[in-house]
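Engineer: Next comes the sequence, and after it the predicted model I'd like to discuss.
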Amino acid sequence: MKVKCPTCDKDVVWSSDAPFRPFCSERCKLIDLGDWAAENHRIADKTPIDTVLSEEYLAELEQEFIAQDNDFFKH
């Protein structure tokens, strides 16, 4: 079976003789790894954001930080 290298689109024979499969070479494998590390590739999070809950959470955090600051300056 042949597949396309994800980096350069060369044909790669899918077998144990191709040690970098699905890549055609170590170079293409490392290029792809670098793209993942640089976040050029990522799996999208499709979870909807609950803006009301987010605003409530931010308001609670803000109140906690204000209370911590007040306690700090009392001592």
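Structural biologist: The structure has been received and is ready for your questions.
Engineer: Break down this protein into its strands, ranges please.
Structural biologist: 2-4, 11-13 (DSSP state E).
Engineer: closest one to Leu58 among the ones you listed?
Structural biologist: strand 2-4 (45.6 Å; CB to CB). In short, each C-beta sits where N, CA and C put it, glycine included.
Engineer: Let me see the mean pLDDT of the closest one.
Structural biologist: Mean pLDDT, computed over strand 2-4, is 95.
Engineer: can you list contacts of that strand?
Structural biologist: Lys10, Asp11, Val12, Val13, Trp14, Arg21, Pro22 (CB atoms under 8 Å, 6 or more residues apart in numbering).
Engineer: from what I can see the fifth one touches Phe20, true?
Structural biologist: No. In this structure, Trp14 is not within contact of Phe20 by CB atoms under 8 Å, at 11.3 Å.
Engineer: Which one's more surrounded, the two?
Structural biologist: Phe20 (14 against 11; other CB atoms under 10 Å).
Engineer: Quick check, the more buried one in contact with Ile31.
Structural biologist: No. With contact defined as CB under 8 Å, Phe20 does not reach Ile31; the gap is 11.4 Å.
Engineer: any idea how far the longest helix seen in the chain is from the chain center?
Structural biologist: Identified as the longest helix of the chain according to DSSP state H is helix 51-74. From the chain centre to the centre of helix 51-74 is a distance of 29 Å (CA atoms, centre = their mean, to the nearest Å).
Engineer: and what of stretch 43-61?
Structural biologist: Distance, centroid of stretch 43-61 to centroid of chain: 19 Å (CA atoms, centre = their mean).
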